[in-house]
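Q: sequence? don't have it. structure:
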């Protein structure tokens with residue numbers, strides 16, 4: 001039975017389904033759509049992991065880089081959304097062109113000084129995202145919204161970062177407006193098809209079509225092959241980076257920094273088959289498969305970037321890492337080492353200070369810190385975490401919270417700007433998606449995002465997987481290199 005509800009100028013249709021397994025349902029759907037995603041969790045808790053979401057058949061593609069942005073329709077439904085956007089505050093654009101299928105424009109970034117409280121409103125192409133969120137804002141809670149990824153370099157729209165490395169092809173943001181979902185509430189053990197359309201007839205026809213695809217299970221043999229894997233930096237070269245980091249820290253230039261290494265390989269076959277293997281090898285609270293049609297992100301991220309729910313902002317910084325043991329006794333010994341090691345404690349304490357500073361810009365006073373140095377267990381490593389939360393100020397939104405927290409200190413170091421400048425100076429190439437953000441911003445103001453780590457990026461039959469370690473003056477060169485291998489081990493085991 002389909003339940004219909006009025007939803008502003010649209011209708012919301014819901015139909016409960018029997019199947020509860022998100023990745024198996026996605027397997028029956030994904031080959032029929034060019035653009036789609038699966039956000040999944042194998043860590044079911046009140047903190048994260050309660051929901052999984054499948055998105056298919058989006059209506060708009062919104063992407064931008066540097067000063068150029070594009071909004072493109074992906075189907076007939078997208079034309080209605082595009083027409084509404086044309087009527088909404090586009091006077092910010094320095095140049096604008098449009099037709100029935102596309103809006104494209106240029107927004108030149110402001111270089112003048114601005115107040116810290118207004119930093120997130122700085123004139124640049126990111127404000128197109130704000131315009132769309134404002135245009136379709138809804139008071140009633142909804143899944144309707146923007147889903148996709150922000151690259152590591154998205155932060156350059158708001159912060160002055162040195163430019164030493166050659167630019168890459170990765171967009172600053174790559175987002176899609178989705179109106180068709182399969183939604184899973186794991187605590188309630190419920191799964192539903194949820195779609196938004198103009199008429200009940202459209203809803204009925206589309207839900208029946210999707211439900212038929214879900215029920216017709218496909219016995220596909222999916223294969224992939226990863227060949228010629230190589231890290232960009234040798235053990236010796238990475239240890240030299242550790243020495244550089246220790247020098248900067250001892251001289252007071254930084255407190256800590258994250259230098260990374262890139263695994264590159266050739267990839268052939270079905271990217272989703274790689275996801276199925278990886279989720280099995282590395283169960284995580286933020287599992288994702290996002291297909292941009294010509295490239296895919298396949299991730300098992302352990303770390304929330306920032307979440308907003310009921311006007312409360314949450315971040316959960318992770319730092320401090322040790323390898324899992326081979327048995328319960330060695331597991332326990334390794335965990336005790338992690339909890340008693342001063343260097344690992346200092347890493348997390350620094351990130352807690354960073355998080356409090358980030359949230360204080362957009363939250364009311366009285367931030368809350370909980371789960372201090374809570375140990376989270378993953379397939380190959382232990383991490384220590386902490387949880388910071390606060391209530392949004394009245395004039396700020398979830399999008400402001402995201403911008404305020406860029407980029408995550410766990411992927412840059414501290415102070416952030418100095419660390420990012422040193423990363424630009426000493427790493428060999430721009431980070432693309434690594435250290436960026438993946439997730440969603442709904443039209444009713446909710447947001448949930450993860451940091452893009454433990455993630456494979458596949459494009460043009462080439463695969464990249466990037467790993468790093470938090471380095472400070474107490475770091476040991478060989479141990480830090482081994483930490484990057486430990487973090488990559490679950491992915492290496494998919495080969």
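A: Arrived safely. Bear in mind the structure is a predicted one, so any value in this text is a computation, not a measurement. Residues are numbered from 1 along each chain as shown.
Q: mind listing what the most centrally placed residue in the chain touches?
A: In the chain, the residue lying closest to the centroid (Cα atoms, centre = their mean) is residue 438, at 1.9 Å. The contact partners of residue 438, taken as Cβ atoms under 8 Å, 6 or more residues apart in numbering, are 148-150, 286, 288, 290, 297, 299, 301, 449-450, 452. Where C-beta positions appear, they are placed from N, C-alpha and C, glycine not excepted.
Q: So which of those belong to strands?
A: By the criterion of DSSP state E, membership of those in strands covers 148-150, 286, 288, 290, 297, 299, 301, 449-450.
Q: can you list the residues you listed in a markdown table and add pLDDT, neighbour count and distance to residue 215?
A: As requested, the ones in strands among the contacts of residue 438 are arranged in a markdown table below (pLDDT from 0 to 100; neighbours: other Cβ atoms under 10 Å; distance: Cβ to Cβ, whole Å):
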| residue | pLDDT | neighbour count | distance to residue 215 |
| --- | --- | --- | --- |
| 148 | 98 | 26 | 29 |
| 149 | 98 | 27 | 31 |
| 150 | 98 | 27 | 36 |
| 286 | 92 | 28 | 28 |
| 288 | 97 | 24 | 25 |
| 290 | 98 | 26 | 25 |
| 297 | 98 | 24 | 28 |
| 299 | 96 | 29 | 29 |
| 301 | 92 | 23 | 31 |
| 449 | 97 | 26 | 32 |
| 450 | 95 | 28 | 31 |
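Q: Quick one: low-confidence residue ranges for the stretch 151-300 of the chain.
A: Applying pLDDT under 70 to the predicted model, the residue ranges of the stretch 151-300 of the chain that meet it are 218-221.
Q: tell me the helices in it, going along the chain?
A: Remark: helices of the stretch 151-300 of the chain, listed N- to C-terminal, are 200-215, 235-250, 271-281; assignment by DSSP state H, counting those that start in this stretch.
Q: try the stretch 351-495 of the chain
A: When assigned using DSSP H, counting those that start in this stretch, the helices of the stretch 351-495 of the chain occupy the ranges 398-404, 409-412, 416-426, 477-492.
Q: related to what we said a few turns ago, relative to residue 36, which of the ones in strands among the contacts of residue 438 is nearest.
A: residue 290 (8.2 Å; Cβ to Cβ).
Q: Residue 301 versus that closest one, what's the distance?
A: Residue 290 sits 12 Å away from residue 301 when distances are taken as Cβ to Cβ, to the nearest Å.
Q: what's the most buried one of the helices of the stretch 151-300 of the chain?
A: Mean neighbour count, computed with mean count of other Cβ atoms under 10 Å, is highest for helix 271-281 among the helices of the stretch 151-300 of the chain, reaching a mean of 20.
Q: who touches it?
A: Counting contacts by Cβ under 8 Å, 6+ apart, the residues outside helix 271-281 that touch it are 23, 26-27, 30, 38, 40, 42, 222-224, 226, 267, 287, 289, 291, 296, 298, 300, 379, 456, 458, 490-491, 493-494.
Q: Find the residue closest to the residue nearest to the centre of the chain in space, skipping its chain neighbours.
A: Taking Cβ to Cβ, 6 or more residues apart in numbering, and ignoring the residues beside it in sequence, residue 438 has residue 149 as its nearest neighbour in space, at 4.6 Å.
Q: which residues does the one you found bridge with?
A: residue 174, residue 438 (DSSP bridges).
Q: For it, which residues are in contact?
A: When contacts are counted by Cβ under 8 Å, 6+ apart, residue 149 is found next to 173-175, 290, 297, 433, 436-438, 452.
Q: Which members of those residues are the farthest-apart pair?
A: Between all members of the contacts of residue 149, the longest pairwise span (Cβ to Cβ) is found for 175 and 452 and amounts to 14.2 Å.
Q: Look at these two and report which has more neighbours.
A: When neighbours are counted by other Cβ atoms under 10 Å, residue 175 and residue 452 differ, and residue 452 comes out ahead with 31 against 24.
Q: just the buried members of the contacts of helix 271-281?
A: When burial is judged by neighbour count using 16 or more other Cβ atoms under 10 Å, the buried members of the contacts of helix 271-281 are 23, 26-27, 30, 38, 40, 42, 222, 224, 226, 267, 287, 289, 291, 296, 298, 300, 456, 458, 490-491, 494.
Q: can you tell me which of the ones in strands among the contacts of residue 438 lies nearest to residue 97?
A: Top of the list for closeness to residue 97, among those and by Cβ to Cβ, is residue 148 at 22.8 Å.
Q: so that closest one touches residue 178, yeah?
A: No: with contacts defined as Cβ atoms under 8 Å, residue 148 does not count as touching residue 178, sitting 9.3 Å away.
Q: ok so, going back, mean neighbour count, the helices of the stretch 351-495 of the chain: which tops it?
A: Comparing the helices of the stretch 351-495 of the chain by mean neighbour count (mean count of other Cβ under 10 Å), helix 409-412 comes out on top with a mean of 27.
Q: for it, the distance to its chain's centre please.
A: Centroid separation for helix 409-412 versus its chain: 14 Å, with Cα atoms, centre = their mean, to the nearest Å.
Q: Which neighbouring elements make contact with that helix?
A: Helix 409-412 is packed against strand 256-269, helix 342-360, helix 416-426, with contacts defined by 3 or more Cβ pairs under 8 Å, 6 or more residues apart in numbering; DSSP states H and E.
Q: quick check: mean pLDDT across the shortest one?
A: With pLDDT averaged residue by residue, helix 416-426 scores 96.
Q: Give me the helices and strands touching that helix, please.
A: Under the contact rule (3+ Cβ pairs under 8 Å, 6+ apart), helix 416-426 is packed against helix 235-250, strand 256-269, helix 409-412, strand 413-414.
Q: can you redo these as CSV with distance to residue 75?
A: Putting those into CSV (distance: least, Cβ to Cβ, whole Å) gives the following:
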stretch, distance to residue 75
helix 235-250, 46
strand 256-269, 28
helix 409-412, 35
strand 413-414, 43
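Q: Nearest to residue 318 among these would be which one?
A: Taking Cβ to Cβ as the measure, these were each checked against residue 318, and helix 409-412 came out nearest at 5.7 Å.
Q: Outside of that closest one itself, which residues are in contact with it?
A: Counting by Cβ under 8 Å, 6+ apart, 152, 257-258, 303, 317-319, 350-351, 354-355, 416, 419-420, 423, 434-435, 451, 453, 468, 470 sit against helix 409-412.
Q: Report how many residues lie close to residue 337.
A: As a burial measure, the neighbour count of residue 337 was computed by other Cβ under 10 Å and equals 13.
Q: can you confirm it is in a helix?
A: Yes: read with DSSP: H, G, I helix; E, B strand; the rest coil, residue 337 is one of the residues of a helix.
Q: With adjacent residues omitted, what lies nearest to it?
A: For residue 337, the nearest residue in space outside its immediate sequence neighbours is residue 322; the separation is 6.0 Å by Cβ to Cβ, 6+ apart.
Q: quick one: contacts for the one you found?
A: 334-335, 337-338, 344, 381-382.
Q: before we move on, back to that, mind giving me TSV with the helices of the stretch 151-300 of the chain and columns for distance to residue 407?
A: What follows is these, written out as TSV (distance: least, Cβ to Cβ, whole Å):
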stretch	distance to residue 407
helix 200-215	37
helix 235-250	17
helix 271-281	24
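Q: Any buried residues in stretch 251-267, and which?
A: Neighbour counts using 16+ other Cβ under 10 Å place 254-263, 265, 267 of stretch 251-267 among the buried residues.
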